[in-house]
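Peer 1: take a look and give me a structure for this.
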Amino acid sequence: MGGVIIKIGGFQKVTLLDFPSKVACIVFTKGCNYKCPYCQNGSLVLNTSDGDLVDLEEIFSYLEKRKKVLDGVCISGGEPLIQKNIKELLIKIKKMGFLIKLDTNGTNPLVLEELINLGLVDYVAMDIKNSFSKYSITVGGGNPFLDNIKKSIEILEKNNVPHEFRTTIVKELHTVNDILEIGKLFCPKTKYYLQNYEESDNVIEKGLHGFSYLELEKLKNNLKEVMPNLIIRGI
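Peer 2: Modelled structure (predicted):
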């Protein structure tokens, strides 16, 4: 791909958890149009310089050697769909014979739809940050791009590409009513995951809290009748 045309801020060589039923690696792009205070990849969001990028050719060299071991590549971030050459990256990965999972916040529906229509993604995980009334504060202020979020949900719901919606839940930001409101945005049969917030050195804002195991169990019980396909990861 000749030179740095896409900002790669990290590379995880193996994951058994991020691509359902697949052995994969993860490519982390730099930069995001949100600044969620609980983001676990704060360094990718806040530091968008070119000084410490991962060399794409090293990644492709690794993939070439692991064709018989890896099933796929997860493209995560940051927000991958703000990268202007994301399509070219996925085309090259696809030509190498790998499946592709895309993590996205759903703010770029036109790019998402193009990638799906071109057959460049095999699984999409879309983050829905909160109920729409609390979206702006949840993503760090500024424009929450709610119309784009709605459009991305529609695109995923009407296409055959396997997908999931997911929400990282934080005590200071999310309530049962918020989760119920999120559930109204998509088909009840769609896979929807709640991921409990965990403090780490790389979060954008320290001092937030996840839920206890008992609180998660209570949350699940309160929601199970109206959201039967809801899954809380980790319990």
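Peer 1: who are the contact partners of the nearest residue to residue 144 once chain neighbours are set aside?
Peer 2: What sits nearest to residue 144 in space, not counting adjacent residues and going by C-beta to C-beta, 6 or more residues apart in numbering, is residue 135, at 3.9 Å. For every residue, glycine as well, the C-beta is placed using N, CA and C. Residues near residue 135 by C-beta atoms under 8 Å, 6 or more residues apart in numbering: 129, 144, 146, 149.
Peer 1: quick one: low-confidence parts of the chain?
Peer 2: Under the criterion pLDDT under 70, the flagged ranges of the chain are 1-4.
Peer 1: longest helix in it, please.
Peer 2: Ranked by number of residues, the top helix in the chain under DSSP state H is helix 146-158.
Peer 1: what lines up beside the next helix-or-strand element following that helix in the sheet?
Peer 2: Using DSSP states H and E, the helix or strand that follows helix 146-158 in sequence is strand 163-169. Using DSSP bridges, strand 163-169 pairs in its sheet with strand 123-127 (parallel), strand 192-196 (parallel).
Peer 1: quick check: the gap between residue 200 and residue 55.
Peer 2: With the distance defined as C-beta to C-beta, to the nearest Å, residue 200 ends up 26 Å from residue 55.
Peer 1: picking that back up, got the buried residues for the helix or strand hosting the residue nearest to residue 144?
Peer 2: Element membership for residue 135, per DSSP H and E: helix 135-138. Across helix 135-138, burial judged by 16 or more other C-beta atoms under 10 Å covers 135, 136, 138.
Peer 1: just the helices from the protein, written as ranges.
Peer 2: So, for the chain - with DSSP H - the helices run 42-46, 56-65, 86-95, 109-117, 135-138, 146-158, 176-183, 213-223.
Peer 1: residue 26: which of the ones you listed is closest?
Peer 2: Taking C-beta to C-beta, helix 56-65 is the member of those nearest to residue 26, at 10.5 Å.
Peer 1: contacting residues around residue 16?
Peer 2: residue 23.
Peer 1: still on that earlier bit, how about the contacts of residue 135, which pair is most distant?
Peer 2: Longest span within those, C-beta to C-beta: 129 and 146, 10.4 Å.
Peer 1: so these two - more neighbours on which side?
Peer 2: Neighbours were counted for residue 129 and for residue 146 using other C-beta atoms under 10 Å; residue 129 has more, 25 against 13.
Peer 1: that one contacts residue 167, correct?
Peer 2: Yes - with contacts counted by C-beta atoms under 8 Å, residue 129 reaches residue 167, the gap being 6.9 Å.
Peer 1: for stretch 201-221, buried residues please.
Peer 2: 203, 204, 208, 210, 211, 216, 219.
Peer 1: can you check stretch 95-106 too?
Peer 2: 98, 99, 100, 101, 102, 103, 104, 105, 106.
Peer 1: circling back to that earlier point, and which of the buried residues of stretch 201-221 is nearest residue 89?
Peer 2: Among the buried residues of stretch 201-221, and counting by C-beta to C-beta, the member closest to residue 89 is residue 204, at 25.5 Å.
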